[in-house]
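Novice: Quick one, what's the 3D model for this:
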Amino acid sequence: DGAAGVVRTVDALLRVLEGAGTLDYVATSYGRVKTADTKAVLFRARAFLVDRVDGGDKGEGEGPTLRPPSMCVELVGDRFLRRMVRILVSTAVREAVRVVSDSDDRQEDSALLNIILSGDRKACARPAPPEGLIFVSASFGNNRWGRKILPNDSQKIK
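Specialist: Next up is the predicted model:
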């Protein structure tokens, strides 16, 4: 239950941000901030496990191969700062591991929110490495933010 517990905790940490309204995400930015405003709204902030399936069309009659589950993080916001997503994900994972490995069994759902509210970049983890991260989409204009990118938690990603 270790990995699944971490993913559930990352989800709980992110969902607090989902309902928090406009926040200053300067703590999750990287390098020199090149914008006057570092405030953003996360309309959707969630994490869940997804199955990964490698295609099976490599010859020799091999079928698809089911790989170990991966964590999917779904973030929908009105804007994102430089490396904000990578820093937000790595900090959420770090905090989730702390909660899961703590013998106290109490979950601190506001830990990530408290870091963001502090505005302290040093309180955040280093950016998650880009390997394994997949950008799904970006939209601007009149697109509805509420449309889920992934229709359900059990969708298989090929």
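
Novice: What mean pLDDT does the lengthiest strand in the chain get?
Specialist: Scanning the chain for the longest strand, with DSSP state E as the assignment, gives strand 39-54. Averaging pLDDT along strand 39-54 yields 88.

Novice: Same question for that strand: list its buried residues.
Specialist: By 16 or more other C-beta atoms under 10 Å, the buried positions in strand 39-54 come out as 40-42, 44-50. Backbone N, C-alpha and C define where each C-beta goes, glycine included.

Novice: Report how many residues lie close to residue 26.
Specialist: Per other C-beta atoms under 10 Å, the neighbour tally for residue 26 reads 18.

Novice: give me every residue that touches it.
Specialist: 33, 38, 81, 119, 121 (C-beta atoms under 8 Å, 6 or more residues apart in numbering).

Novice: before we move on, the earlier item: got the buried residues of strand 39-54 as a markdown table, with distance to residue 62 columns?
Specialist: Listed next are those as a markdown table, based on distance: C-beta to C-beta, whole Å:
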| residue | distance to residue 62 |
| --- | --- |
| 40 | 45 |
| 41 | 46 |
| 42 | 41 |
| 44 | 37 |
| 45 | 38 |
| 46 | 34 |
| 47 | 31 |
| 48 | 29 |
| 49 | 25 |
| 50 | 22 |
